[in-house]
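**Q** sequence and predicted structure are below.
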Amino acid sequence: MDAGLFTANNVWMMLATALVFFMHTGFAFLEIGLTRQKNTINILFKNIFIITGGLLLYYAFGFNLMYPGFEDGDMGLLKFAGFGIAAPEGGMTVEYASGGYTWWTDFLFQGMFAATAATIVSGAVAERIKIGSFMIFTVIYVGLVYPIVGAWKWGGGFLDSWGFYDFAGSTLVHSVGGWAALVAIALLGARIGKFGEDGKPKAIPGHSIPMATAGVLILWLGWFGFNGGSVLSADPELTSLVLVTTSLAAAAGGFGAMILSTILYKNLDLTMFLNGILGGLVGITAGADLMSPNEAVVIGFLAGIIIVLGVALIDKLKLDDPVGAVTVHLICGIWGTLAVGIFGAKAGGDQFLTQLYGVLIVGAFCVLASGIILGVLKATLGLRVSKEEELEGLDIHEHGMDAYPDFTND
Amino acid sequence: MDAGLFTANNVWMMLATALVFFMHTGFAFLEIGLTRQKNTINILFKNIFIITGGLLLYYAFGFNLMYPGFEDGDMGLLKFAGFGIAAPEGGMTVEYASGGYTWWTDFLFQGMFAATAATIVSGAVAERIKIGSFMIFTVIYVGLVYPIVGAWKWGGGFLDSWGFYDFAGSTLVHSVGGWAALVAIALLGARIGKFGEDGKPKAIPGHSIPMATAGVLILWLGWFGFNGGSVLSADPELTSLVLVTTSLAAAAGGFGAMILSTILYKNLDLTMFLNGILGGLVGITAGADLMSPNEAVVIGFLAGIIIVLGVALIDKLKLDDPVGAVTVHLICGIWGTLAVGIFGAKAGGDQFLTQLYGVLIVGAFCVLASGIILGVLKATLGLRVSKEEELEGLDIHEHGMDAYPDFTND
Amino acid sequence: MDAGLFTANNVWMMLATALVFFMHTGFAFLEIGLTRQKNTINILFKNIFIITGGLLLYYAFGFNLMYPGFEDGDMGLLKFAGFGIAAPEGGMTVEYASGGYTWWTDFLFQGMFAATAATIVSGAVAERIKIGSFMIFTVIYVGLVYPIVGAWKWGGGFLDSWGFYDFAGSTLVHSVGGWAALVAIALLGARIGKFGEDGKPKAIPGHSIPMATAGVLILWLGWFGFNGGSVLSADPELTSLVLVTTSLAAAAGGFGAMILSTILYKNLDLTMFLNGILGGLVGITAGADLMSPNEAVVIGFLAGIIIVLGVALIDKLKLDDPVGAVTVHLICGIWGTLAVGIFGAKAGGDQFLTQLYGVLIVGAFCVLASGIILGVLKATLGLRVSKEEELEGLDIHEHGMDAYPDFTND
């Protein structure tokens, strides 16, 4: 491979890394936009903690836990390549990764992914979780659970040997975060006021819909890197196909959710439109490189439908997910993973069952792991803030600050 | 061409696509920032509809309408290459587009452009248009009018044969949107309160100048992709020249508007400064690859002057354009297109007349098309919301939501 | 060098330029977020003036002042290559800059850097400086002082001959801005209400912590271009190392500041966390290409510690720096420059002293230059707005506008 191609590949991967990093701004905007202003500082603090802490953990040991260098015949359950990061011999040359990128780029791209799983949880548990407990959960989940699951597939472990397919992480990233979000909101309980005396859910409107909208647009932009970078080179055909399927699925997801929610609720609901876009993005992620544009539109549109139904289901189950994280990341993550078995004929005949097994195994492990971590935290430090703190807002109690003092302290 | 060059070209075009996509965030911020908070959800809903719907329409038939493959001798008025997108043989190789990008990249880059025309209209008609009528207008204008006009030049039609020059769309994108914006605000009438009993215009201040400012900066950033990608490869000399002329014109446009508005109105008017930047960007777009840096500064500076005068003219005509879209996109779009005939000596001797004909023909077609679409909508569904809805805000009436409930529902 | 490599290099440099441009959005968000809403328009106006004016000045003469083409033996104090920009022969070929980029890209990348120095000052002097005086200061400082200092090192002047090392500008950009910020706040005095009758500092909370947070995340993103582009090619090994050291230092800086401020003040202070990230970024900037990941973590972490102590020191000195610019850009800029002499063994044995001399010489010149400019302005036009204007807000007095009229004019 010549230097020009190697360099172009690495440029693409570095910019994909930058775009995935930018997704954290998107998540932050989305989460604070869809919640109340009195908890804004708290959510931002969690998000900044996740980005910085996630990257440091991944540097300290996560990367080496996730890419331990399994050999053929390894069961691929757990292996560890050591602390810190030190480039292997040839890690900066075309010998490494078929010239798709350098070892440094590899670390950073994967490190930006790692934090995402915890960010997904952050939105679901917003407005009522104790920040200390959340920080401990984040450290363990990002530092250990995420890389271990990742190793099973992307690290060359047993899911990979089975032929499980997950291009950019509908399961390995989004569901991993989504399962923990589900467990966490079940353990936490609903926010005060979310369900009336009659048990009916009540909308608790987010305090800045412009920020939520900007968040979704930034996430879509970031997905150019999330999926586009998952090609692991700048291969012109594959990267450009991935951007097309990703964008069409996003658009179709938005349309699906917008149409169904308008039919069901007779209202042009911007939040559903936005979550439909995110659902489409999560849904296409597992097979963005396998699908035709037509298939991407179908997968995205159905993800949008799922969003509307999923949000209603979560309400029905008396669960309280302020930003719809479980529906977007878990349910659409499962849908996207299974869709590879339905549409991805290229992925082989019994692919559907393999995909299903992968979903179930990852789900069982994540529910178990997050259940233990959060269960222990609940029994010891406690998971939930006091009633007084929840009513007055976490910003004042945990951070002694107000997000918008010129507008709220009149 | 070697794989390295092809890959580097395609990387540039994909990232230009990402930047053009990001412009929609810029437009959204600009439009809501310059209007009142009670109509914020409505504007964001329209913008999200335009992005998602625009991309799906372009996928369904717009791209094939715009690039139908005219042959020499075709008049190039209307031709259609079929529904959906399917890559032609060799579409992913260096054979396609001289190795500048793949067919998928081509579709997505052009698709991101397509939605822009309707977004321009969205700002002008804000705070009073019925959303259903606007959505129907968008579908027809983005799905049919934009690609047909585009085909005349970029699809190899008759404007192209005549030698009409429009590098990145001062006319084909910005004026196409601007003409419809002009027709729409003429048919809609001014917002309640815009003109006093004495007929004097009154400022209706936008609700978030920080968002408007961020919108302009994001648009400038996006223009790196809009103009830089219009080179249709990563040719080092041409792409870097285009970024220089684009940025200098933006800076000079801002300065032109800032200086003139300070002289005329004795006030350091941030909104004029910002619109001057946009005027400079639109103005350089037709000839960003032809101009020297000095010429770019002159073109941009004059565009800034035009902004101040244009905004005053629109007021004089008793038209109400909340964000200045007609001045920015139509008037500066015309200026930029004609400037190619004045400064672009390289573009040939009688270039000015050719540019003028192009402007007039496109203008006539767009006024006719938007007049018919909007006229029919006005006569049937109606274009304008009720007086009560306009006064109380479109957010509550059309969407049942409030953009900032924690700040407005005290 | 083949065309593929040249093109890939130039693509990287153009996108690095775009990212550095985007930093101005980050600075704008950070500055307005950490100050009061009544001065928002004023700060944005200054920032937009800096971006547009800075670029035009750099085009008019700054670039030619900074890169005058010193020859061996020149003392390298002051030389000027003429007005305007005109590409030299071969400036668009691989002959120029070893094929790392074209001459146009060179100008634009450096032009985006130039404005940064003034932006740093803008935050420190916010909420009380006369805008006319600030504009004059900006023109002189960005147009003359910044390029002259830059020429000493990056233009091949005497600091470069001495072996002074400053990879991406801990000293040449951040300290140059930071020294002027220090001089300016000393001359301006503190905002009314910053220090109580007892002399104790009082927090004046910023009006939008979400914007400040977004600002920091955008700045981090922009630093991918600021440091990554300073490699001056897309060399895979070096660019990817630089992104890794930059991101790890940012994360470690955040953690350092968060941990120390929590210990000292028993409070999870988001603003400290954010400034710690910025401190880490500034700290790694001088040696981002020399350090190992471990060293980057140490440098960043210590920068975070310095942030907490520096902010306390500035308060102690009765200086008022609303956004912490002096601590972030000056103190961490010095730290980062000296760190090259401590950790950068590769940079040679007596490197520490060379670094120290560089810091002192640049500091002396910048203090002198900004002292003269600001001193003359203070004695003539005046630096500070009237008490009435400061209390009522600069927006209404200088710009006749309100940043959030729907929320503040009830």
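**A** Great, that's in hand. Quantities reported herein were computed from a predicted structural model and do not represent experimental measurements. Numbering: from 1, shown residues only, chains lettered A, B, ... in the order given.

**Q** check which helix or strand covers A:Leu77.
**A** Secondary structure assigned from DSSP states H and E places A:Leu77 in neither a helix nor a strand.

**Q** give me phi/psi at whichever residue of the stretch 101-250 of chain A sits closest to chain C?
**A** Scanning the stretch 101-250 of chain A for the residue nearest chain C gives A:Trp104, at 3.7 Å (criterion: Cβ to the nearest Cβ). Yep, even glycine has a C-beta here, placed from its N, CA and C like the rest. A:Trp104 adopts backbone torsions of phi -60, psi -40, taken as degrees, to the nearest 10.

**Q** give me the number of residues near it?
**A** A:Trp104 sits with 25 neighbouring residues when counted by other Cβ atoms under 10 Å in any protein chain shown.

**Q** could you verify my assumption that it touches C:Leu243?
**A** Yes. A contact is recorded between A:Trp104 and C:Leu243 when judged using Cβ atoms under 8 Å, the distance being 7.1 Å.

**Q** what's near enough to touch the spatially most central residue of chain A?
**A** Relative to the mean C-alpha position of chain A, the nearest C-alpha, by Cα atoms, centre = their mean, is the one of A:His174, at 3.8 Å. For A:His174, the contact set (Cβ atoms under 8 Å, 6 or more residues apart in numbering or on different chains) comprises A:120, A:282, A:285, A:328-330, A:332-333, A:336.

**Q** could you do A:Phe27 as well?
**A** Listed by Cβ under 8 Å, 6+ apart, the contact set of A:Phe27 reads A:47, A:116, A:119-120, A:122-123, A:215, A:219.

**Q** closest one of these to A:Lys378?
**A** A:Ser122 (17.4 Å; Cβ to Cβ).

**Q** with adjacent residues omitted, what lies nearest to that closest one?
**A** Once flanking residues are discounted, A:Ser122 sits nearest to A:Lys46: 4.9 Å by Cβ to Cβ, 6 or more residues apart in numbering or on different chains.

**Q** check the offset of whichever strand or helix holds that neighbour from the chain's centre.
**A** With secondary structure defined by DSSP H and E, A:Lys46 is part of helix A:40-57. Here the centre of mass of C-alpha atoms in helix A:40-57, compared against the chain's by Cα atoms, centre = their mean, to the nearest Å, lies 15 Å away.

**Q** the very next helix or strand once past it - contacts with which helices or strands?
**A** Past helix A:40-57, further along toward the C-terminus, the next helix or strand under DSSP H and E is helix A:63-66. Contacting helix A:63-66 under the criterion 3 or more Cβ pairs under 8 Å, 6 or more residues apart in numbering or on different chains; DSSP states H and E are the following elements: helix A:103-124, helix A:146-153.

**Q** so which of these is nearest B:Phe134?
**A** Nearest to B:Phe134 among the helices and strands packed on helix A:63-66 is helix A:103-124 (31.3 Å), distances taken as Cβ to Cβ.

**Q** one step back: secondary structure class for the residue nearest to the centre of chain A?
**A** Taken by DSSP: H, G, I helix; E, B strand; the rest coil, the conformation at A:His174 corresponds to helix.

**Q** just the pLDDT for the nearest residue to it once chain neighbours are set aside.
**A** Beyond its immediate neighbours in the sequence, the residue positioned closest to A:His174 (Cβ to Cβ, 6+ apart) is A:Gly333, lying 3.7 Å away. In the prediction, the pLDDT value recorded for A:Gly333 is 97.

**Q** what about A:Gly333, which helix or strand?
**A** Taking DSSP H and E as the definition, A:Gly333 sits inside helix A:332-343.

**Q** cool, A:Val216 as well?
**A** For A:Val216, the host element (DSSP H and E) is helix A:209-228.

**Q** counting by contacts, list what that helix packs against.
**A** helix A:3-33, helix A:236-265, helix A:270-285, helix B:3-33, helix B:40-57.
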